[in-house]
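Visitor: One predicted model, sequence on top.
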Amino acid sequence: SRYEVTDGDVDKELASLRERHAKVVAVEGRDTVQQGDLAETNWSGEVEGEHVKGMSGLSYVIEVGGGTFPFKEAEQALVGKKLEDSFTVDVTIPEDYRVQSVRGKTAKLTFKVLGLKQKTLPALDDEFAKDLSDEIESLEQLKAKIRTDMGEMAKTRTETETRNVIVEALIEKNPFDLPQSLVERAAEQIAAEKLNRLPQPQAEALWQARGVQMKEDARPAAIKQVRMSLILEELVKREKIEITDTDIEAHFEKLAAELGSTVKNIKNVYKKGRRVEELRFQLATSRMLDRIIEQAKFEDTAKPALG
């Protein structure tokens, strides 16, 4: 399947832009909470007569109907309440609530309504479009830019999902025993990549405590990675796909343009990490997958880009 940008996709993005540029103003002329209001509240909660840490808020703003407050029944109970009203409501604590010990239990929440505000959305016109960018002069230009940007994302999503389908098919149709040393090395690398996101002392402590389990957890992904790598390596050899230095240079130029860097800097990063040959293999396998995709037959069904 492929993703295409529909008029509905463009309309959704325009609605999202208006939401992100909405202004918040005080409600005037009424003192009763309505759907869509931003209600400023003081609230607190109890479970079985005991206060739960973190289940409270002072001057806490709830968007009524916005679905962001964790207790939906309480959010809707605000509708019709007046400024300075106090009330209680029983709610069921959702299963994804951050305090695990109280999930699924009944909580008694107490609220006081302190203030009312509302969001006002900007008009969807040329002025709104101009405010978003100096390069845009009209609403039609904004729509065209949205369609172009979403088109690029849709194309990338289509290509990624198509490649994933091909990869899964190749793995399924080519069962063979794998060198366990390669699997172990790949599993360790996958586990280590997760640790790289953490501060070094924390990463070292976690590796000491759970390193063996982390590598075991990574084995399924490692097996898949190694199998795919070996399959593609063999296909590249059979098809005699070669990546020249000119291809490498072109890739460096593309990366430099995308990252706003220079070709020299990109080259240095790859050479210092001794990753040029790794890149050559990646480009070869990518070209191999492109060739398979060209020859494959897919059911041509279109999906909305935001579907």
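Guide: Cool, got the structure.
Visitor: What helices and strands are in contact with the longest helix that the chain contains?
Guide: Criterion DSSP state H: the longest helix present in the chain is helix 139-173. Here helix 139-173 touches strand 2-4, helix 7-20, helix 126-132, helix 219-239, helix 276-295, going by 3 or more Cβ pairs under 8 Å, 6 or more residues apart in numbering; DSSP states H and E. C-beta coordinates here come from the backbone N, C-alpha and C atoms, glycine included.
Visitor: any idea of the angle that helix forms with helix 7-20?
Guide: Counting by axes from the mean of the first three to the mean of the last three Cα atoms, to 10 degrees, helix 139-173 lies at 110 degrees to helix 7-20.
Visitor: Now do the buried residues in helix 139-173.
Guide: Applying a neighbour-count criterion of 16 or more other Cβ atoms under 10 Å, the buried positions in helix 139-173 are 139, 142-143, 146-147, 150, 154, 158, 162, 166-167, 170.
Visitor: any low-confidence regions in the stretch 201-307 of the chain?
Guide: 298-300, 307 (pLDDT under 70).
Visitor: can you rerun that using 90?
Guide: 201-208, 210-211, 269-275, 278, 290, 292-307 (pLDDT under 90).
Visitor: Could you export the buried residues of helix 139-173 as a markdown table, including pLDDT?
Guide: Below are the buried residues of helix 139-173 laid out as a markdown table (pLDDT from 0 to 100):
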| residue | pLDDT |
| --- | --- |
| Leu139 | 97 |
| Leu142 | 97 |
| Lys143 | 96 |
| Ile146 | 96 |
| Arg147 | 96 |
| Met150 | 94 |
| Ala154 | 93 |
| Thr158 | 90 |
| Thr162 | 89 |
| Ile166 | 90 |
| Val167 | 89 |
| Leu170 | 90 |
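Visitor: I'd assumed Asp90 was in a helix, is it?
Guide: No. Asp90 is assigned strand when assessed by DSSP: H, G, I helix; E, B strand; the rest coil, not a helix.
Visitor: circling back to that earlier point, which of the buried residues of helix 139-173 sit farthest apart?
Guide: Leu139 and Leu170 (46.5 Å; Cβ to Cβ).
Visitor: between the longest helix of the chain and helix 219-239, what angle do the directions make?
Guide: 90 degrees.
Visitor: how far out from the middle of the chain is helix 139-173?
Guide: 15 Å (Cα atoms, centre = their mean, to the nearest Å).
Visitor: Can we start the residue count at 807 from this point?
Guide: Understood, numbering begins at 807; the last thing we discussed is helix 945-979.
Visitor: mean confidence for the next helix or strand after that helix?
Guide: Next helix or strand after helix 945-979 toward the C-terminus (DSSP states H and E): helix 986-1001. For helix 986-1001, mean pLDDT is 92.
Visitor: Output the very next helix or strand once past helix 986-1001 as PDB, restricted to C-alpha atoms.
Guide: For helix 986-1001, the succeeding helix or strand toward the C-terminus, using DSSP H and E, is helix 1006-1023. As requested, the backbone C-alpha atoms of helix 1006-1023 are provided in PDB (Å, rounded to 0.1, in the frame of the first residue of the first chain):
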ATOM      1  CA  GLN A1006      27.700   6.900  32.200                       C
ATOM      2  CA  PRO A1007      27.400   6.100  35.900                       C
ATOM      3  CA  GLN A1008      23.800   5.100  35.500                       C
ATOM      4  CA  ALA A1009      24.600   3.000  32.400                       C
ATOM      5  CA  GLU A1010      27.400   1.200  34.100                       C
ATOM      6  CA  ALA A1011      25.300   0.400  37.200                       C
ATOM      7  CA  LEU A1012      22.500  -0.900  35.000                       C
ATOM      8  CA  TRP A1013      24.900  -3.000  33.000                       C
ATOM      9  CA  GLN A1014      26.300  -4.600  36.100                       C
ATOM     10  CA  ALA A1015      22.800  -5.300  37.500                       C
ATOM     11  CA  ARG A1016      21.000  -6.400  34.300                       C
ATOM     12  CA  GLY A1017      23.500  -6.800  31.500                       C
ATOM     13  CA  VAL A1018      22.900 -10.500  31.100                       C
ATOM     14  CA  GLN A1019      19.100 -10.100  31.000                       C
ATOM     15  CA  MET A1020      19.400  -7.100  28.600                       C
ATOM     16  CA  LYS A1021      21.400  -9.200  26.100                       C
ATOM     17  CA  GLU A1022      18.900 -12.000  26.400                       C
ATOM     18  CA  ASP A1023      16.000  -9.600  25.800                       C
END
